[in-house]
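> what follows is a predicted structure for the sequence shown.
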Amino acid sequence: MDFLALDTLGMLFCIGLIAGWVDSIAGGGGLIALPALLSVGLSPVQALATNKLQGSFGTFAATANFIKKGHLKINDVWPMIMLTFIGSASGTLLVQRLDASILVDIIPFLLLAVGLYFLAKPKIGLEDQKQRVGLWGFSFIAGFTLGFYDGFFGPGTGSFFAVAFITLMGFNLLKATAHTKILNFTSNIASLLFFILGGQVIWVVGLIMAMGQMIGGYVGAHMSMKHGSKIIRPLLVIICFAMTGKLVLDTPDHIIRQWISLVF
């Protein structure tokens, strides 16, 4: 098992640190961590499961930092947490029976739309706006739905949560990022539990990366609070475009031809 070599574990620790930093600010840390796990010899299912393990530590560290600094209160968001957990657990159970590749057709378009949305609206998220739905409405519309998506497929969940908080709850970008982290953590934990039951987690690799994730997540959350939208917005746009590119590069040629025919 080459992935247990000390130099490989050291590399994975550094990748976990970078992924945790990116994920805590803009989401999309899985774009960095998942290819690394696949490259060292883990099977796709093992990589997904181990990514959930290491990602849980990063989102936990970021969440703890946001709570400590007063940007997040658990008592205010428990319905979101509950519905996100149920959605993620449902998605994780379903993905073991269905082919998640069916989402490859639409997710790049959604990620591209998110990136263009923040690029085209430079003032969005600078201040709190009018709230459009209530707590329970958001919990069902975004919490359950995006939790399900994260358990079933995953890329871009953090970006989608951020947009949902800004457009539906009227949060500013920093507040949206703080609340996104706790729901990311919730969906990661729910999905991880079912992967553990299936025996798919490579614990040594996951825990090594988790140490890096915790450091990166804590530092990234601190930078988000210090610099706000000045760092969150550009990184969010970059991550959305990068994830779109990664999904397109990994997409079979016949599906790309279908996309082109739809556009033109």
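Received the coordinates, thanks. Just so we're clear, the structure is a prediction, and the values are computed from it rather than from any experiment. Residues are numbered from 1 along each chain as shown.
> I'd like to know how far Phe57 sits from Gly30.
Taking Cβ to Cβ, to the nearest Å as the measure, Phe57 and Gly30 are separated by 13 Å. C-beta here means a position set from N, CA and C on the backbone, and glycine is covered the same way.
> flag the shaky bits of the stretch 151-264 of the chain, pLDDT-wise.
Low-confidence segments of the stretch 151-264 of the chain, defined by pLDDT under 70: 155, 227-233, 235-237, 239-240, 243, 246-248, 250-264.
> hey, where'd the helices end up in it?
157-164, 173-197, 203-227, 229-249, 253-263 (DSSP state H, counting those that start in this stretch).
> TSV please, covering those helices and showing mean neighbour count.
Listed next are the helices of the stretch 151-264 of the chain as TSV, based on neighbours: other Cβ atoms under 10 Å:
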stretch	mean neighbour count
helix 157-164	25
helix 173-197	24
helix 203-227	22
helix 229-249	19
helix 253-263	10
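> would you format those as a markdown table with distance to Asn75 included?
Conversion of the helices of the stretch 151-264 of the chain to a markdown table gives the following (distance: least, Cβ to Cβ, whole Å):
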| stretch | distance to Asn75 |
| --- | --- |
| helix 157-164 | 20 |
| helix 173-197 | 12 |
| helix 203-227 | 20 |
| helix 229-249 | 25 |
| helix 253-263 | 44 |
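> these: which one's closest to Leu12?
Set against Leu12 and scored by Cβ to Cβ, the helices of the stretch 151-264 of the chain come closest in helix 203-227, at 5.0 Å.
> now do the closest one and helix 173-197, the angle between them.
Per axes from the mean of the first three to the mean of the last three Cα atoms, to 10 degrees, the angle that helix 203-227 makes with helix 173-197 is 170 degrees.
> centre of the chain to helix 203-227, how far?
Centroid displacement of helix 203-227 relative to its chain, using Cα atoms, centre = their mean, to the nearest Å, is 13 Å.
> what helices and strands are in contact with that helix?
Helix 203-227 sits against helix 6-26, helix 44-68, helix 173-197, helix 229-249, with contacts defined as 3 or more Cβ pairs under 8 Å, 6 or more residues apart in numbering; DSSP states H and E.
> closest one to Ala113 among the ones you listed?
Comparing those under Cβ to Cβ, the one sitting nearest is helix 229-249, at 8.5 Å.
> average pLDDT across stretch 90-105?
Mean pLDDT, stretch 90-105: 69.
> now do stretch 61-80
Mean predicted confidence for stretch 61-80 is 88.
> give me the residues contacting that stretch.
For stretch 61-80, contacts defined as Cβ atoms under 8 Å, 6 or more residues apart in numbering pick out 20, 23-24, 81, 135-136, 138-139, 142-143, 174-175, 177-179, 181-183, 185, 213-218, 220-222, 225.
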